[in-house]
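> My questions concern the predicted model and sequence given below.
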Amino acid sequence: MSETHVPTVDEFFDATPELQIIRQWARARYAAEWAVFGGVLLRVAATTGPEVQLPGVIGGRASLNLLCAFVAPSGGGKGISDKVARLAWPAPIVERPIGSGEGIAATFVPPKKEGIEPITKAIINVPEIDTLAGIASRQGSILLAQLKSAAMGEQLGQANSSEATTRIVPPHTYRLCMSVGAQPAHTGVLFNDTTGGTPQRFLWFHTTDPNMPADVTPDPEPLNARLPFWRPDADGVIEVVYGPPEITEMIIGAHIARQRGQEDALDGHAMLTRLKVAACLAILHHRGVVSELDWQLSGVVMEVSNRTRDWVVAESKKADRRKIRDRAIGRAMGDEVVEDRRLDRAKEGVLRWLERQGELPANKLRTNLKANLRDYCGAALAELVDAGQVVQIEVERGTRYRLPESTGCTEVQGLKPQLGDGVPPVQGVPLPALHAVTDAPNGTTQKTARQWIDAYVSRILDSGVDTVESAKVYEAGQVAGYKIDNLRQAAKSSDLISVAARKGSVTVWNLGAGGENTVVSAEEWLTGWLRSTGGWVKAADVYAAGLAAGYGRDTVKSASVRAEVAKRGQSIATEWCVAPAVVERGA
């Protein structure tokens, strides 16, 4: 491939024979080719001594110390790519597990005993990033600070009062490379220090390969791990040489951009990282001078690394959103448990009071319940009546309740004369006056709420009005002595009423036979939605769907009682389903 041609990601491993060998090793051992390349690059850097440095275009010389993160959704694959990288670049390298920040410095402190060779080159291996996170979270931990210093080749360690515990490693006297295996959701230990520059100092590689071939291929020959022939300068430093002049120009341009605050926080160290990659590519190809092809290939590596890093950030955000949703569902389920328990206790209280006193109105039952159960009295009565455990009785002044086995009714008050007159006007047209009716001479009882609603609507229609606000009808019904819950149930079952619109808390009805609802009630929505799921659904998911459809939690819960929703389970495992009777009617 000509050096004037800028290679793409797809062309990267065809660019040189060495890169082709790395890909052959990856395919022969069924490893992700980019992860194997990252492992080889890390080992190339760790093979060179600390005296090999990048020239000081800006400030002083820079270190070739390299940090790499190997990521996958499940966290798997890093061990495989590590092993394959060792086979591809078979140079002897010291590898150590991660320790504390002080432990990193201790790796390179000269030994006290004579005859023991000091360690100047090592790879710190972290198979699971959770280990790194655990150490970094300890109180007083200096691990991340030491890693950032190590990536720059700066001084490591600390001075203590005791010489035995003092560990100081001078700058550019050690070669430290780090390999970290990570799952995207667990990379917070690095990305939480974005402003501190920790994630920018890493190269990022996937340990999975969606295009991995299944063909059986033989192992190739390992790469030649010999280093280029270098001649140190007077102070013993070997400077990597930048061949193309554009490299120096880009270094200066990137520095000026950083000084002017024009770079993204995650790209603050991009230029230095790319220079390290270019230098390691040159060394991989046994050169001490970074060629134009090395520079172009380093750009491809940075593109892959940045793309992987962006994927990690996106996956981390998804995981955070899932955690927030799970916590919200957990809280909703917890609320569901508390409410269900209180509702059950309210039902038990209602039954006890009816057993004691025979028959009571709703307001008396509510007062008799404990303060924290009173808000559940209405729902408790509705469920008990629906289950046939309590009988609902319509009387002149509202509704009373008794147990099914009870006989007879307690005496109720008669109507007060002032309740018979005065119905509020609707749409500017006077509504017909309608009075509550006492028992007829032949022994028939007063009209039911449904009969009252139909008669009232008929009189409105006779006056030439065919729309009305529901609140005004309910107000007239209450004046006539009917309870609001009974009026609402009567309106829903009336053939003369259909819902035309809802404006906030105001519901507008169309009046007349044959009308159809143009607004779906909470019960209709709930029944339809549950039927569409085809089975049992967690209550928390129902509430979430209801909220998305515009129905609040209390509305959905009340609708579940009226819509004949079947429930099963306890605590957070409560599930809802359309009751069989409802399914049959809708079939």
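Yep, it's here.

> can you list contacts of stretch 271-279?
The contact list for stretch 271-279 (CB atoms under 8 Å, 6 or more residues apart in numbering) reads 41, 45, 54, 62, 64-66, 200-201, 203, 240, 247, 250-251, 254-255, 290, 294-295, 297-299, 301-302, 305. Using the backbone N, CA and C atoms, a C-beta is placed for each residue, glycine as well.

> Please export the C-alpha coordinates of it as PDB.
This file holds the C-alpha atoms of stretch 271-279, laid out as PDB (Å, rounded to 0.1, in the frame of the first residue of the first chain):
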ATOM      1  CA  MET A 271      -2.700  14.300  20.400                       C
ATOM      2  CA  LEU A 272      -0.300  12.800  23.000                       C
ATOM      3  CA  THR A 273      -2.100   9.400  22.900                       C
ATOM      4  CA  ARG A 274      -1.900   9.400  19.100                       C
ATOM      5  CA  LEU A 275       1.900  10.200  19.200                       C
ATOM      6  CA  LYS A 276       2.400   7.200  21.500                       C
ATOM      7  CA  VAL A 277       0.400   5.000  19.100                       C
ATOM      8  CA  ALA A 278       2.500   6.200  16.100                       C
ATOM      9  CA  ALA A 279       5.800   5.600  18.000                       C
END
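
> List the buried residues in that stretch.
271, 272, 273, 274, 275, 276, 277, 278, 279 (16 or more other CB atoms under 10 Å).

> closest to residue 568 among the residues you listed?
residue 273 (57.0 Å; CB to CB).

> and the next element down the chain from the helix or strand encompassing the closest one?
Here residue 273, judged by DSSP states H and E, is contained in helix 270-284. Moving toward the C-terminus from helix 270-284, the next helix or strand (DSSP H and E) is strand 289-290.

> Walk me through which strands that next one pairs with, and which way each runs.
Partners of strand 289-290 in the sheet, by DSSP bridges, are strand 241-242 (parallel).

> Just checking the distance from whatever helix or strand comes next after the strand it pairs with to the centre of its chain.
For strand 241-242, the following helix or strand on the C-terminal side (DSSP H and E) is helix 245-259. Its chain's average C-alpha position is 39 Å from that of helix 245-259, according to CA atoms, centre = their mean, to the nearest Å.

> Okay, buried residues for helix 245-259 please.
247, 250, 251, 254, 258.

> can you check stretch 108-125 too?
Residues 108, 109, 119, 120, 121, 122, 123, 124, 125 are the ones in stretch 108-125 that count as buried (16+ other CB under 10 Å).

> Pull the contacting residues for the third one.
Spelled out, that is residue 119. Residues near residue 119 by CB under 8 Å, 6+ apart: 94, 107, 108, 174.

> And the third one, how far from residue 96?
Counting by CB to CB, to the nearest Å, the gap between residue 108 and residue 96 amounts to 10 Å.

> Can you give me the neighbour number for residue 235?
Neighbours of residue 235 under the rule other CB atoms under 10 Å: 6.

> Then residue 212?
As a burial measure, residue 212 scores 13 neighbours (other CB under 10 Å).

> So it: helix, strand or coil?
Following DSSP: H, G, I helix; E, B strand; the rest coil, the label given to residue 212 is coil.

> next one: residue 216
Three-state assignment for residue 216 (three-state DSSP): coil.

> For it, give its distance to residue 30.
10 Å.

> pretty sure residue 298 is touching residue 281, no?
Yes. Between residue 298 and residue 281 there is a contact at 6.1 Å, judged by CB atoms under 8 Å.

> rewinding a little: list residues touching both of residue 108 and residue 96?
Taking CB under 8 Å, 6+ apart as the contact criterion, the residues that touch both residue 108 and residue 96 are residue 122.

> pretty sure residue 542 is touching residue 525, no?
No. Counting by CB under 8 Å, residue 542 stays clear of residue 525, with 10.6 Å between them.

> Of these two, which one has the most company?
Per other CB under 10 Å, whichever of residue 542 and residue 525 has more neighbours is residue 542, with 26 against 20.

> and that one, what does it touch?
Under the criterion of CB under 8 Å, 6+ apart, the contact list for residue 542 reads 526, 529, 530, 556, 560, 576.

> how would you label it: helix, strand or coil?
Secondary structure, three-state DSSP: residue 542 is helix.

> And for residue 209?
Going by three-state DSSP: residue 209 is coil.

> Could you pull up phi and psi at it?
Main-chain torsions, residue 209, degrees, to the nearest 10: phi -140, psi 110.
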